[in-house]
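> Curious how this folds, go ahead:
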Amino acid sequence: MIIENNIKTISGMNMLYEVPESTDVAIDWAKNNRLEIESFLASNGALLIRGLNEITDADFARILTAIYGEDLLKYTYRSTPRNEVKKNIYTATEYHPSQWIPQHNENSYSNTWPMRIAFLCKIVAEKNGNTPISDARSIYKKIPVEIREEFERKKIMYVRNYSDLDLPWTEVFQTNDKNEVEQYCQENDILFEWKPDGLRTKQINQATIEHPIHREKLWFNQAHLFHLSNLEEDLQEGFIEMLGEENVPRNTYFGDGSPIDTEMLRVIREVYKNNQITFQWEENDLLLLDNMLFTHGREPYEGDRKVLVGMQRKYSVEQIKSF
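Okay, the predicted model is just below:
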C-alpha cells in the first residue's frame, strides 16, 4: 500500500500524498494507482495529491476518468455561476473574490448529488483563496441535539425564484426549453410555477442522511447557505423591500413551510466555522473528496485564482435508502 503508507499530515489531518519526483505523466500515474487511490478515499474521505507535473484541463478529466472508470457528471440544476472549460470540467464557483463561500456538500440541496468531487488548483491566489473542508460526520455530532432533531423531523424546503438577480432558469437547468424544465422538475419531485416574471420552484429534501458505506449519520443540506440570512443585512433588507420575502431569489424553510429560526442557522454556521480544515493550495494540487463525507468552501482572495472542478458517481436519496 504505497499511498496509504506514505500519507502525511496537513492541517491536522492525514490526507496528503506527495508523488515521487520521478513521476512524469500524471494520467499514467493515476491509472497505475487508481485502486489504491479509491481504496484510501473510500476509507478516509479526503486525499490531497501533490507534486504531479503540469496538468492541462483535458488531463484533469482523463485523470478522474482513469481513477473512477466512469464519465464525469454534467452540472445541471445549478446553484452557482461557473463556466465549463472542457466537457463536464468546470471552474469553481465564480462569486466575487471578496466573498466567502460557506461550507457545503455539493448539490445537497437536491435529491441527487455526486459521490465524488475533485478540485485541481491551476493558479494559486496571491492571498488566501484556499478551499477549506470539513467532516460532515463531525458537523452532525457537534450541532446541538435539539437543532438536529427539529431539522430531521421537519426536513428542509428550498424555494428559488429565478431571475437575473441570481441565476436565470435557463442557466440553472441548462436549457431554453420550458418543457425540459418541467420534465426535470416532475422527475425530481420539484414543484414549479411559471410566473409572469419567470419561474419559482420548491423542493423538500433531507437535513441529514446516512452514508451508504460508513453507515454514519451526516449533516447533509444547504439550509444555512440558501437561507436569506446568509446574505449581508443590507442585501436582505433590499431584497425584501424590492421583491417581498416570498420573491427573493432563494430561501429555505422547514419542510412544512414554517420559518427556520435564524439563531439555529447561526449556530450551524458557527459549527462549520469552528471545524474547518484549511491547507495552502500549491499549483497542480489535486484534491479528491467523498462528497458525502466532506464539505468544501472557499476563502476570499486577492489576485488571479483558477480552481477546476469535476464530479462523478451520481447518487440519490432512493439509492441511499436501498442500501
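
> where exactly do the helices run in the stretch 1-150 of the chain?
26-44, 57-68, 136-142, 145-154 (DSSP state H, counting those that start in this stretch).

> Residue ranges in the stretch 151-300 of the chain under the pLDDT threshold?
For the stretch 151-300 of the chain, applying pLDDT under 70 flags no range at all.

> which stretches of it form strands?
Applying DSSP state E, counting those that start in this stretch to the stretch 151-300 of the chain gives strands spanning 156-162, 191-195, 198-205, 208-210, 217-219, 250-254, 286-290, 294-298.

> between those strands, which one is nearest to residue 93?
strand 294-298 (6.8 Å; Cβ to Cβ). For glycine as for every other residue, the C-beta is placed from the backbone atoms N, C-alpha and C.

> In the closest one, which residues are buried?
294-298 (16 or more other Cβ atoms under 10 Å).

> ok, back up a step: now mean neighbour count and distance to residue 180 too, for the helices of the stretch 1-150 of the chain, in a markdown table please.
Shown next, in a markdown table, are those (neighbours: other Cβ atoms under 10 Å; distance: least, Cβ to Cβ, whole Å):
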| stretch | mean neighbour count | distance to residue 180 |
| --- | --- | --- |
| helix 26-44 | 17 | 34 |
| helix 57-68 | 20 | 25 |
| helix 136-142 | 19 | 32 |
| helix 145-154 | 14 | 31 |
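
> could these go into a markdown table alongside distance to residue 317?
As requested, these are exported to a markdown table (distance: least, Cβ to Cβ, whole Å):
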| stretch | distance to residue 317 |
| --- | --- |
| helix 26-44 | 21 |
| helix 57-68 | 22 |
| helix 136-142 | 16 |
| helix 145-154 | 14 |
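
> Would you tell me which of the ones you listed gets closest to residue 322?
Closest among the helices of the stretch 1-150 of the chain, once you apply Cβ to Cβ, is helix 26-44, at 18.6 Å.

> Now that closest one - C-alpha only, PDB.
C-alpha atoms of helix 26-44 as PDB (Å, rounded to 0.1, in the frame of the first residue of the first chain):
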ATOM      1  CA  ALA A  26       0.000  12.300 -14.300                       C
ATOM      2  CA  ILE A  27      -2.500  10.300 -16.300                       C
ATOM      3  CA  ASP A  28      -0.300   7.200 -16.300                       C
ATOM      4  CA  TRP A  29       0.300   7.600 -12.600                       C
ATOM      5  CA  ALA A  30      -3.500   7.800 -11.900                       C
ATOM      6  CA  LYS A  31      -4.100   4.700 -14.000                       C
ATOM      7  CA  ASN A  32      -1.400   2.700 -12.200                       C
ATOM      8  CA  ASN A  33      -2.600   3.700  -8.700                       C
ATOM      9  CA  ARG A  34      -6.400   4.000  -9.200                       C
ATOM     10  CA  LEU A  35      -7.300   1.100  -7.000                       C
ATOM     11  CA  GLU A  36      -5.200   2.300  -4.100                       C
ATOM     12  CA  ILE A  37      -6.400   5.900  -4.600                       C
ATOM     13  CA  GLU A  38     -10.100   4.800  -4.500                       C
ATOM     14  CA  SER A  39      -9.400   2.500  -1.500                       C
ATOM     15  CA  PHE A  40      -7.900   5.300   0.500                       C
ATOM     16  CA  LEU A  41     -10.600   7.700  -0.400                       C
ATOM     17  CA  ALA A  42     -13.400   5.300   0.400                       C
ATOM     18  CA  SER A  43     -11.900   4.800   3.900                       C
ATOM     19  CA  ASN A  44     -10.800   8.300   4.700                       C
END
